[in-house]
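Participant: I would like to see how this sequence folds:
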Amino acid sequence: MLEAMSSPRYLELLGRIEVAGEAPRWNGVRRSVRKLAGKEFRKLERAIKVLGAEPSDAELHGIRIRGKRARYAGELAESSVGKRASRFVTLAKRVQDVLGEHQDAVVADERLRELVLSESNPQLALVAGRLIERQRERMLRARAEAPQTLRQLRRAGRKAWR
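Facilitator: So this is what the prediction gives:
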């Protein structure tokens, strides 16, 4: 990482970012942050609609990513839209927390299983098994909480962006 961050290519990128920040280009097209937020919400809503009763871990992670985009767009529009946008942003944060908890548990579970498979230590296997069990409980709690938080977010999004 340090080698990559010392490379001429990386330093050139930093320079370009600095210049772009000082004098951003404008293409002449005016965009409504309210419309942008509405568009991101509609993408999120479509993604939520296609979830089955038992979504995969990857599908839930995809919803989390879409939720982040909708949240950030909502934050941009918050001052012009008002309370409804603020409610949406608050609920989007909640969804992000719940689905983030789920994703963290999924990744921890995977890493622990990889560790157990790479080692032949019975004590390690026992400890890892207990930790895997805790990650499973964490994941199941988040899965149980997700449907209600997603319903609340969709309701708030419809009020804010339609």
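Participant: The helix or strand in which Val98 is found - contacts with which helices or strands?
Facilitator: Val98 belongs to helix 83-118 when assigned by DSSP states H and E. For helix 83-118, the elements it packs on are helix 57-81, helix 122-161, judged by 3 or more CB pairs under 8 Å, 6 or more residues apart in numbering; DSSP states H and E. No exception for glycine: its C-beta is placed from N, CA and C like everyone else's.
Participant: Now do the buried residues in it.
Facilitator: Across helix 83-118, burial judged by 16 or more other CB atoms under 10 Å covers 84-89, 91-96, 98-99, 101-103, 105-106, 108-109, 112, 115-116.
Participant: repeat for stretch 134-153
Facilitator: For stretch 134-153, the neighbour count (16+ other CB under 10 Å) marks 135, 138-139, 142-143, 145-146, 149-150, 152-153 as buried.
Participant: Adding distance to Arg31 and pLDDT, write the residues you listed out as TSV.
Facilitator: Below are the buried residues of stretch 134-153 laid out as TSV (distance: CB to CB, whole Å; pLDDT from 0 to 100):
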residue	distance to Arg31	pLDDT
Gln135	42	96
Arg138	40	97
Met139	39	97
Ala142	35	97
Arg143	37	97
Glu145	35	97
Ala146	32	97
Thr149	29	97
Leu150	27	97
Gln152	28	97
Leu153	24	97
